[in-house]
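**Q** fold the following for me, if possible:
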Amino acid sequence: MFIWDVDPVLVHLGPVSIRYYGVFFLAGVLGACGIFLWQWRRGGRSVESGKVVVLLILLGLILGARLGELLFYQTQRFLADPLGTLFAWEGGLSSHGAAIGMMIAMVLFSLRSRIPLWEVLDRLAMPIMLVAACVRIGNFFNSEIVGRITHIPWGVKLPRHDLGLPIDQVPLRHPTQLYEVALGLGVLFLLWWADRRAGKEDRPQGLLFSLMLVFYFSGRFGVEFLKEFQTLDPARHGLTMGQHLSIPFLLLGAVGLLRLRAARRVAPQR
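**A** Below is the predicted model of the structure:
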């Protein structure tokens, strides 16, 4: 058993506060930009075009994350006040929305630059995993997106989530945020290994991104069984919203891997 009762605000500066979430989010984004630009230069692309991609990724991530939260998890609020709810500082970001936003941004960039979409997406796979892990660390500091009540030995008490209860009555919960941190870092290591194993720049285009979709979103699908539901009650709908949103990404990754397998079978006949 572990009690997590950490103030989510790192520094108080009068009316302004710096939260751990923001620090980890920024660290993840900066690290992700570094990984992306390293791969971009390794592929012989210019630094200038790489900076354009980074800017588009950030725009897609932020807009997609906010709109995804509103559309998937706060639908009624969004319909009641579409413009007012767009401000991110009012809280709420969706990881699935962020993934959709970044993918749309990369599709538009690929069409405009004529750089193959699979190449761009491959270079995006590892950075996405780093950001995903850092965001979940921030969620843990915020005592949000919590796991369901459990009796496992490694359960965590979150008195800042279960407000108003004496500490002995605060329930143990699955530390699902930390499960997803481990998932993101594990998939990041898998992608690094697959990149080296497949010959780095000689690897088939689409391999890394497809692997990321399959392993990460299958893991997300599983972790959702241990989370408190947010909008869809699995008892009534069968699956949580997070599981419904993970399925298309998982299927897209499977299609990408099947495409590579089919291409590999055909290649010797050429």
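**Q** hang on, Phe229 packs against Thr240?
**A** Yes. Using Cβ atoms under 8 Å, Phe229 makes contact with Thr240 at a distance of 4.9 Å. C-beta: built from backbone N, CA, C; applies to glycine.
**Q** the more surrounded of these two?
**A** Thr240 (20 against 17; other Cβ atoms under 10 Å).
**Q** who touches stretch 36-48?
**A** If you take Cβ atoms under 8 Å, 6 or more residues apart in numbering as the criterion, stretch 36-48 is touched by 49-51, 53-54, 57, 115, 119, 122-124, 126-127, 200-201.
**Q** could I get the full set of helices for the stretch 1-150 of the chain?
**A** Remark: helices assigned in the stretch 1-150 of the chain by DSSP state H, counting those that start in this stretch are 20-42, 47-68, 75-80, 95-113, 117-141.
**Q** what's the most buried one of those helices?
**A** helix 117-141 (a mean of 23; mean count of other Cβ atoms under 10 Å).
**Q** could you point out which element follows that helix?
**A** strand 156-157 (DSSP states H and E).
**Q** quick one, what contacts Pro166?
**A** Going by Cβ under 8 Å, 6+ apart, Pro166 touches no other residue.
**Q** the residue nearest to Ser110 when sequence neighbours are not counted: what's it in contact with?
**A** Once flanking residues are discounted, Ser110 sits nearest to Leu117: 4.0 Å by Cβ to Cβ, 6 or more residues apart in numbering. By Cβ under 8 Å, 6+ apart, the contact list for Leu117 reads 106-107, 110.
**Q** hmm, 10 Å instead?
**A** 103, 106-107, 109-111, 205-206, 209 (Cβ atoms under 10 Å, 6 or more residues apart in numbering).
**Q** please consider this matter closed, and thank you.
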